[in-house]
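Asker: Sequence isn't available, so here's the structure alone:
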C-alpha cells in the first residue's frame, strides 16, 4: 500500500477513534495539570488529595479503592471501545481492514494502563493519608475490578447464545446493520454485548457512588465515602461509552457527533426551569426597617463603648484560601487584642461593627460572625472557626456537578416538576434548587453553630440592631447590569429623588430594596458572594409569590448573582460607601479602625517587564490586560477613596492591613487554590504566614495601640 494511502487510512482511524482518544487525553491532562508548573494546577490540586493525614485507615482504604475502581473502569472503556471500532470499521464504515497484530493488542491494553497508572500514582503521592490504607485500597479496588470485568467475561460468554435467542424471539435483533452483526452467525457481535455490559457496569458504579457519597459518614470523620477524583473518572467513563456508541452509529451516515450535541444543548435553553435558582424566604413587610450605618454609628456613640474606636473589617476574595485566611486573622485578633474600657476588658470582636466581605472572604466572615454570643466571640470558639473555614467542600461541589447538574442538564424539563403551576415552599428540599451551589451551602451548614445554621439576613439585622453581632455585607455582582449586589444585614439611606437613577449611578443594588418582601439565609448570601466562575453557577432568585407574574410565567426573569470580586475583590468599596452614608447623616465623628484582610500579596515587584511578543501575544494581550487591570484598578480606587474619606471626615480613620505572604521558602509565590479544597501543604503555609510574618505582628500592634486609645501609628 502506498505511503499516501496508509497516511489517509491512519488519519481516518484517528477520526473514528476520536472519543476514546479524547478520553485518554483528558486523563493525561488531568494528571499533567496537577503539577506545580501547570497553569491548571490551582484548580486540579485538591482533586488528587484523596484523604487527609487525619483520615482513618478504613476511610483511606475505601476512598483509594473507589478511585482505583473508577480509574480501571475508565481505562476499560477506552480500550474496549477502541478495539470495537477497529475490529468493525471495515464493515461499518467501509474502511480498509486492520489486522489485530500482537503489537496492536498490546496498545489496546498499554495505553489505558498508562492513564490509570498516572492518575492513581499521582493520587498516591499527593495524599498524605496513612500508607496502611492507601496501598491496600488500590489492591482492593483492582481485585474488585478484575472480578466484575475479567472474570465476568467468561460468564457472559456462557450466556451469549441465551441472550441472543431472547433478542431474536422478541424481534429486537437488527436485520441489516453493518458493524453490529456477526455475518457468519447472523447474531449480534460479542464485542457489543461485552461493551454493553461494561457500560451497564459503569452506570451501576455511577449510581452506587451517588448513594454512597450522599451519606455523610461521621464514623469516617465526616468525609464523603467517594472522593472527587472517583466521581470525575466515572463521569469520564460514562461519557466515553455514551459518545463512543453515538459516534459509532452516526459516523456511517456522516453525521458529526457535535451536531446532535449542539442541538441538545440549545434545546435545553427553551426551558426556564433549566436555569439555576437560589431560594428566597417570605418576609413580612411589617418587619422593622433597614438598619443603616447612621443607626449603628449613633448607637455606638450613645452606648457604653462610646470612647472606643469603631472597627470595620473588609475581607478579600480568593476562594477557600480567602475563607481560611479571614478566619485566621479575625480569630487571631480576637485572641491577642484586648481593649479596656470603663474598667472592663473586652476582646477585639466586641468592637467590630461591620464586616464587608467578598467571595471566599464571605465564608470566613460568615463563620466568625455566626460564632458571636452576647456581643462578642468567645476565645474558646476561635479554633472551631478556623477548622470550619479550612475544611474542604470540593467533594460536595463535585457531587452536585456529577449528579443533579448533569441529570437536569440532560433532562431540564424535570427540574421544576411539581412547582411549575404552584408555589415555592420554604422547605429546604425541592429539585429546583438541587445543584452544586446548593451542595456547597449544605457543606457549610454542617459546620455552622446549630442555632445559626438556618439564620437569615433579617435575623442578623435584628442582632446587629441589638448590639449582639456586627452588621455584614456579602458583596455579590449582578450579571445583567454589572452593579454590586449587596446581600446584607444593614443598608443605606435612600435618595429622596430619582431613586432608581441615583442607585444605578452609585453602582449598587441592595437585596432588601430589590426584594422588600423576601428574606435570605445567611449561608445562601455567602454562597452568592462566593460564586467563583464555573465552580458554582450564576443563580437568580425564585420568588415566593402566591400568584404568577404579570405575564403568566412562574419563573420570573430575575437578575443573576455572581462573585463579588468582579466589581471589587477587596470589599472596600461597600465599606467606604457604607461609612460615608453613615457619617453624612450624624454629627458624631468617632475614631474608626479599618482592618483590611487580603488573602494574596498584591505588592508590585520592581519595574514592569515582559518577554512576550509576536502574533500570539497580540491575540491574547487584551484578555491579559483586562484581567490585570481589574485587580490594580480596584486597589488604586480603594486607596484613593480611603484618602478622600480621611480628608473629609478628619484624620481619625486608622487602617491595618493583614496580607497573606503566600511565598514558599525560595521566595516564589505559590498558586492560589481555585477550588474549595486546601491541601495539608496549603494549611501549613497559612499557619506559617500568620505566626511568622513580621508584617502581621506590626499590624497586630497597630490595632492594639489604636483601640487602646492611642494615636494611629505612622
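Answerer: Cool, got the structure. These numbers come from a predicted model, not from an experiment. Residues are numbered from 1 along each chain as shown.

Asker: pretty sure residue 509 is touching residue 482, no?
Answerer: No. With contacts counted by CB atoms under 8 Å, residue 509 stays clear of residue 482, the gap being 10.7 Å. Using the backbone N, CA and C atoms, a C-beta is placed for each residue, glycine as well.

Asker: Give me the more crowded residue out of the two.
Answerer: Between residue 509 and residue 482, counted using other CB atoms under 10 Å, residue 509 has the larger neighbour count: 21 against 10.

Asker: Doesn't that one belong to a helix?
Answerer: No. Going by DSSP: H, G, I helix; E, B strand; the rest coil, the assignment for residue 509 is strand, not a helix.

Asker: What residues does it make contact with?
Answerer: Residues near residue 509 by CB atoms under 8 Å, 6 or more residues apart in numbering: 478, 481, 483, 484, 485, 486, 503.

Asker: Among those residues, which pair sits farthest apart?
Answerer: Farthest apart among those by CB to CB are 481 and 486. That separation is 13.2 Å.

Asker: show me where pLDDT drops low in the stretch 101-250 of the chain?
Answerer: Applying pLDDT under 70 to the stretch 101-250 of the chain flags residues 153-176, 182-188, 214-225.

Asker: Show me where it has its helices.
Answerer: 102-126, 131-170, 190-213, 228-250 (DSSP state H, counting those that start in this stretch).

Asker: likewise the stretch 551-700 of the chain?
Answerer: Applying DSSP H, counting those that start in this stretch to the stretch 551-700 of the chain gives helices spanning 572-585, 614-648, 680-692, 694-707.

Asker: Let me know which of those is tucked in deepest.
Answerer: Of all the helices of the stretch 551-700 of the chain, helix 572-585 has the most neighbours on average by mean count of other CB atoms under 10 Å, namely a mean of 22.

Asker: contact partners of it?
Answerer: So helix 572-585 is contacted by 292-294, 296-297, 312-314, 354, 356, 473, 475, 484, 486, 490, 492-493, 506-508, 567-568, 589, 592, 594, 596, 634, 637-638, 641-642, 645, 649 (CB under 8 Å, 6+ apart).

Asker: hmm, which of the residues you listed are the buried ones?
Answerer: 292-294, 296-297, 312-314, 354, 356, 473, 475, 484, 486, 490, 492, 508, 567-568, 592, 594, 596, 634, 638, 641-642, 645, 649 (16 or more other CB atoms under 10 Å).

Asker: Relative to residue 312, how far out is the closest residue to residue 575 other than its chain neighbours?
Answerer: Once flanking residues are discounted, residue 575 sits nearest to residue 356: 4.0 Å by CB to CB, 6 or more residues apart in numbering. Using CB to CB, to the nearest Å, residue 356 is found at 7 Å from residue 312.

Asker: thought residue 298 was touching residue 465?
Answerer: No. Between residue 298 and residue 465 there is no contact, the gap being 11.6 Å when judged by CB under 8 Å.

Asker: Leaving aside the residues adjacent along the chain, what's closest to residue 460?
Answerer: residue 489 (4.1 Å).

Asker: hang on, the earlier thing: which ones among the contacts of helix 572-585 map onto strands?
Answerer: 312-314, 354, 356, 473, 475, 484, 486, 508, 592, 594, 596 (DSSP state E).

Asker: which one of these sits closest to residue 90?
Answerer: residue 475 (61.6 Å).

Asker: now the closest one: how far from residue 508?
Answerer: 9 Å.

Asker: Overlap in contacts, the two.
Answerer: Residues touching both residue 475 and residue 508 (CB under 8 Å, 6+ apart): 484, 485, 486, 574.

Asker: Kindly indicate which of the ones in strands among the contacts of helix 572-585 lies nearest residue 390.
Answerer: Of the ones in strands among the contacts of helix 572-585, the one sitting nearest to residue 390 (CB to CB) turns out to be residue 313, at 19.5 Å.

Asker: Distance check, the closest one against residue 360.
Answerer: From residue 313 to residue 360 the distance is 15 Å (CB to CB).

Asker: ok, now residue 130?
Answerer: Distance from residue 130 to residue 360, by CB to CB: 30 Å.

Asker: Then residue 134?
Answerer: 30 Å.

Asker: okay, those two: which has more neighbours?
Answerer: The neighbour count for residue 134 versus residue 360, taken as other CB under 10 Å, is higher for residue 360 (31 against 25).

Asker: The residue lying closest to the more buried one once chain neighbours are set aside is in what secondary structure piece?
Answerer: Nearest-residue entry for residue 360: residue 322, 3.2 Å, with adjacent residues in sequence omitted and distances by CB to CB, 6+ apart. Following DSSP states H and E, one finds residue 322 within helix 319-336.

Asker: same for that helix, what does it pack against?
Answerer: Counting contacts by 3 or more CB pairs under 8 Å, 6 or more residues apart in numbering; DSSP states H and E, helix 319-336 is packed against strand 310-315, helix 360-370, strand 376-377, helix 382-390, strand 592-598, helix 680-692, helix 694-707.

Asker: Let me see the residues that make contact with stretch 444-453.
Answerer: So stretch 444-453 is contacted by 216, 222, 363, 366-367, 370-371, 388, 391, 393, 454, 522-523, 526-527 (CB under 8 Å, 6+ apart).

Asker: In terms of model confidence, name the weakest of those.
Answerer: Minimum pLDDT for the contacts of stretch 444-453 is recorded at residue 222 (53).

Asker: any idea how far residue 414 is from residue 408?
Answerer: Using CB to CB, one obtains 7 Å as the distance from residue 414 to residue 408.

Asker: more crowded one of those two?
Answerer: For residue 414 versus residue 408, the count of surrounding residues by other CB under 10 Å is larger for residue 408: 22 against 14.

Asker: Ramachandran coordinates for that one?
Answerer: Dihedral angles of residue 408 (phi, psi; degrees, to the nearest 10) stand at phi -80, psi -20.

Asker: I figured it hits residue 415, correct?
Answerer: Yes. The pair residue 408 / residue 415 is scored as a contact, 4.3 Å apart, by CB under 8 Å.

Asker: which residues are in contact with both of those two?
Answerer: In contact with both residue 408 and residue 415: 274, 431, 434, using CB under 8 Å, 6+ apart.

Asker: now these in CSV, with pLDDT and neighbour count?
Answerer: CSV is the format used below for these (pLDDT from 0 to 100; neighbours: other CB atoms under 10 Å):
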residue, pLDDT, neighbour count
274, 84, 18
431, 78, 16
434, 88, 18
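
Asker: Redo those residues as a markdown table? Include secondary structure and distance to residue 692.
Answerer: Shown next, in a markdown table, are those (DSSP: H, G, I helix; E, B strand; the rest coil; distance: CB to CB, whole Å):
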| residue | secondary structure | distance to residue 692 |
| --- | --- | --- |
| 274 | helix | 50 |
| 431 | helix | 49 |
| 434 | coil | 44 |
